[in-house]
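Q: got a structure for you, letters missing:
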DNA sequence: CAAAGATTGTCAGTATGCTGTCAATCTCAA
DNA sequence: TTGAGATTGACAGCATACTGACAATCTTTG
């Protein structure tokens, strides 16, 4: 069997490339999120960080990075901005002078409660153009793919890491 | 029928949210692209821009933005970097002093030919963990979704715009 | 205990991405 | 033709992202 001929170099190949579609879809998703949540001055990344801190009070920045799979360097400025908005506070850890523990403030907990419906509207809108069965199929495949590619990303997701600061991890 | 109870506020809801999965997948895709193409000092965005200019020689920056659905502001610096690497050149348009036309240089055309195999390896790797039928299904659904959500993004894709500089457009 | 090694938070540098603005220029209509 | 409006490229400002480095600190090992 002869090898495939060289693909022509055209923009149409880009339109059909997985990487290009993932990028476009991400931009569309952010755009929809910001539109639905414009009353709340919170970005998708900041929202995810708040939720994670709410789920794991007293987590530190490095573990937070593993729990939401965001870059550690980037997370520094995200945390700064959340602190500037008075949604979180940082307390030094008594047993380790390097670590600063993260907690929601009352404001942070409140805005989280208030923004949830808008976030859910946004998430629903992203998939709305598809038929219900197709939505389910897409989410199933995407969940699989992200999970199976976990190690390929700079910051693999390590949900269990969140437990370590409680002394439960091995 | 009673309304659904309020969803608990936990990180697990984030893990299953479409927006979060799109973000993670995009980051994984970029990571794989950069790994496969590390010999070539080209980012995914720069690659797409080069391909588009190759397909539409003499396109201007605004139309390029519509053709690859990248933000016009961002594209300015992308073009600058491609020019600094001597992959493209900009020529003033004779009939419109505002416009600068974009062309590939010989270097640009050469690197494009050379990088194609690496890009194709990268695109294949992104989907590799899935079974072939699932890859097809995912790409089909994603193509649909991006297309149907086209207007929801800041910069909707307008592939036809590329033809206007040839005097064929309406 | 002391040295080697790992971890934590931070920073500098680069590259997207978006919002909003601006001057220069072009187009179109009155 | 001229003045209103649109377009183009550029810029400032903010917010992710990634790379690589660093000092302070902690842990492990000899």
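A: Received it, and whenever you're ready, just let me know what you need. Given the structure is predicted, the values throughout are model-derived calculations rather than measurements.
Q: partner strands of the top strand by length along chain A, with direction?
A: Ranked by residue count under DSSP state E, the longest strand found in chain A is strand A:96-104. Strand A:96-104 has the following strand partners under DSSP bridges: strand A:59-60 (antiparallel), strand A:88-93 (antiparallel).
Q: how far away is residue A:32 from chain B?
A: 6 Å (Cβ to the nearest Cβ, to the nearest Å). From N, CA and C alone the C-beta is placed, and that goes for glycine too.
Q: before we move on, what about residue A:121?
A: Separation of residue A:121 from chain B (Cβ to the nearest Cβ): 12 Å.
Q: what sits against the nearest residue to that residue once chain neighbours are set aside?
A: In space, and not counting its chain neighbours, residue A:121 is closest to residue A:36: 5.0 Å by Cβ to Cβ, 6 or more residues apart in numbering or on different chains. Neighbour list for residue A:36: A:118-119, A:121-122, A:125 [criterion: Cβ atoms under 8 Å, 6 or more residues apart in numbering or on different chains].
Q: low-scoring pLDDT stretches of chain A, where are they?
A: A:1-7, A:162-170 (pLDDT under 70).
Q: now the helices for it?
A: A:11-15, A:18-36, A:44-55, A:61-68, A:72-84, A:106-127, A:132-148 (DSSP state H).
Q: near residue A:151, how many other residues are there?
A: 8 (other Cβ atoms under 10 Å in any protein chain shown).
Q: can you count the residues close to residue A:77?
A: Residue A:77 has 9 nearby residues by other Cβ under 10 Å.
Q: and if you look at residue A:70?
A: When neighbours are defined as other Cβ under 10 Å, residue A:70 has 22 of them.
Q: repeat for residue A:49
A: By other Cβ under 10 Å, 27 other residues sit near residue A:49.
Q: residue A:64 is in contact with that one, correct?
A: Yes. The criterion here is Cβ atoms under 8 Å, and residue A:49 meets it with residue A:64 at 6.7 Å.
Q: list residues touching both of those two?
A: Joint contacts of residue A:49 and residue A:64 (Cβ under 8 Å, 6+ apart) are A:70, A:75, A:79.
Q: near DNA strand D, from the residues you listed?
A: Counting by Cβ under 7 Å from any atom of the strand, residue A:70 from those sit close to DNA strand D.
Q: of the shared contacts of residue A:49 and residue A:64, closest to residue B:8?
A: residue A:70 (22.1 Å; Cβ to Cβ).
Q: so that closest one makes contact with residue A:154?
A: No. Applying Cβ under 8 Å, one finds residue A:70 not in contact with residue A:154, separated by 9.7 Å.
Q: against DNA strand D, how distant is residue A:25?
A: According to Cβ to the nearest atom of the strand, to the nearest Å, residue A:25 stands 12 Å off from DNA strand D.
Q: please report how far the closest residue to that residue other than its chain neighbours lies from DNA strand C.
A: Residue nearest to residue A:25 in three dimensions, not counting chain neighbours: residue B:22, with 4.9 Å by Cβ to Cβ, 6+ apart. Counting by Cβ to the nearest atom of the strand, the gap from residue B:22 to DNA strand C is 12 Å.
Q: do residue A:90 as well
A: Taken as Cβ to the nearest atom of the strand, the span from residue A:90 to DNA strand C is 8 Å.
Q: I'd assumed residue A:101 was in contact with that residue.
A: Yes. Between residue A:90 and residue A:101 a contact is recorded at 6.8 Å, counting by Cβ under 8 Å.
Q: and stretch A:47-64, is it in reach of DNA strand C?
A: Yes. Judged by Cβ under 7 Å from any atom of the strand, stretch A:47-64 and DNA strand C are in contact via A:60-63.
Q: what about the spatially closest residue to residue A:65 that is not a sequence neighbour, neighbour count?
A: In space, and not counting its chain neighbours, residue A:65 is closest to residue A:72: 4.4 Å by Cβ to Cβ, 6+ apart. Residue A:72 is flanked by 13 other residues according to other Cβ under 10 Å.
Q: for residue A:72, which residues are in contact?
A: A:61-62, A:65, A:155.
Q: out of the residues you listed, who's nearest residue A:106?
A: residue A:61 (21.4 Å).
Q: isn't the closest one right next to residue A:102, touching?
A: Yes. Between residue A:61 and residue A:102 there is a contact under Cβ under 8 Å: 7.0 Å.
Q: find residues that contact each of those two.
A: Counting by Cβ under 8 Å, 6+ apart, the residues touching both residue A:61 and residue A:102 are residue A:79.
Q: alright, calling it a day.
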